[in-house]
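Trainee: Just to be clear, the model below is a prediction. Sequence and coordinates:
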Amino acid sequence: QVQLLESGGGLVQAGDSLRLSCAASGRTFSTYPMGWFRQAPGKEREFVALISWSGGSTYYADSVKGRFTVSRDNAKNTVYLQMNSLKPEDTAVYYCAAGRPYGNTRYGAYDYWGQGTQVTVSS
């Protein structure tokens, strides 16, 4: 069992940066690949980034590649999403999720979800 809690969202201007955190409880966190997803109003939840259990492999959606960086600290049971050069189209609720195996970009493949944190980017 893994419980997840996101934080770090907020209201920023285009071009600004934010770092989201996802704190996990449960002794098995370090064995789970982790994903970040987002959902804008009226849209389906979409994949943003994922990271392997060790942190050695990452993968990004084309829309955020080069701007967002996913990382994790298993000693702290936390995964991060550093978001730079934010754009208004990045506005969404951001969710972290845990699921196996590594490599899934479909939200239905993930077993555990946080409650989400709102990111709003103004132009």
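Mentor: Now that the structure is in, tell me what you want to look at.

Trainee: can you pull the contacts of residue 48?
Mentor: Taking CB atoms under 8 Å, 6 or more residues apart in numbering, we find residue 48 in contact with 35-38, 60-61, 64, 68, 81, 94. C-beta coordinates here come from the backbone N, C-alpha and C atoms, glycine included.

Trainee: residue with max distance from the center of the protein?
Mentor: Relative to the centre of the chain, the most outlying C-alpha is that of residue 123, 22.5 Å out, by CA atoms, centre = their mean.

Trainee: And it, how far from residue 90?
Mentor: Taking CB to CB, to the nearest Å as the measure, residue 123 falls 11 Å from residue 90.

Trainee: now residue 2
Mentor: 26 Å.

Trainee: Could you do residue 11 as well?
Mentor: Separation of residue 11 from residue 90 (CB to CB): 12 Å.
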